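1. Dropping the sequence and predicted coords here.
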Amino acid sequence: MRQIKFAHRYIKFPRDYARSKLLDVFPVRLQDLSPTFLAYDTAYEDAGEIKHYPLPKSGNYMILLLQAGSGHGQIWTTLRSQWGKSCDKLKYYQGLIGQEIECKVIL
């Protein structure tokens, strides 16, 4: 099973997020997204304080549309860069549409 790793336990995580089905992948530019969506996507709690994962002001990203509970739960999203260290992540994630993904927090 493929994994998506997260640096924090984000507020957006629904119950049963750890096993989610990838429903779709939407290419986006960060500069086109609303501050409200960016705040939703990057918010996490640290020692009782709400913080936000820092993102660049612009760039080619993608929104992964996921369904918790192995495809039987709440819909949720996460932003990812389209480019990894050695691959085109957009094509990689598009190839995983319809599959169950393990979502893992790496603290």
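-> Received it, and whenever you're ready, just let me know what you need.
2. Restricting to C-alpha, output stretch 84-91 in CSV.
-> Provided in CSV are the C-alpha atoms of stretch 84-91 (Å, rounded to 0.1, in the frame of the first residue of the first chain):
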residue,chain,number,x,y,z
GLY,A,84,9.5,15.7,-5.9
LYS,A,85,13.3,15.3,-5.6
SER,A,86,13.4,12.8,-8.4
CYS,A,87,9.9,12.5,-10.0
ASP,A,88,6.8,14.2,-11.4
LYS,A,89,4.5,13.7,-8.4
LEU,A,90,1.4,14.8,-10.4
LYS,A,91,1.7,11.8,-12.7
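3. Show me which positions of that stretch end up buried.
-> Lys89, Leu90 (16 or more other C-beta atoms under 10 Å). From N, CA and C alone the C-beta is placed, and that goes for glycine too.
4. How far does it sit from its chain's centre?
-> 15 Å (C-alpha atoms, centre = their mean, to the nearest Å).
5. same deal with stretch 70-82?
-> 6 Å.
6. Ok, stretch 48-64 next?
-> Counting by C-alpha atoms, centre = their mean, stretch 48-64 comes out at 10 Å from the chain centroid.
7. So which residues of this protein form helices?
-> Applying DSSP state H to the chain gives helices spanning 35-42, 68-71, 89-94.
8. Now tell me what touches the first one from outside.
-> For helix 35-42, the external contacting residues (C-beta atoms under 8 Å, 6 or more residues apart in numbering) are Tyr10, Lys12, Leu30, His52, Tyr53, Pro54, Leu55, Thr77, Thr78, Leu79.
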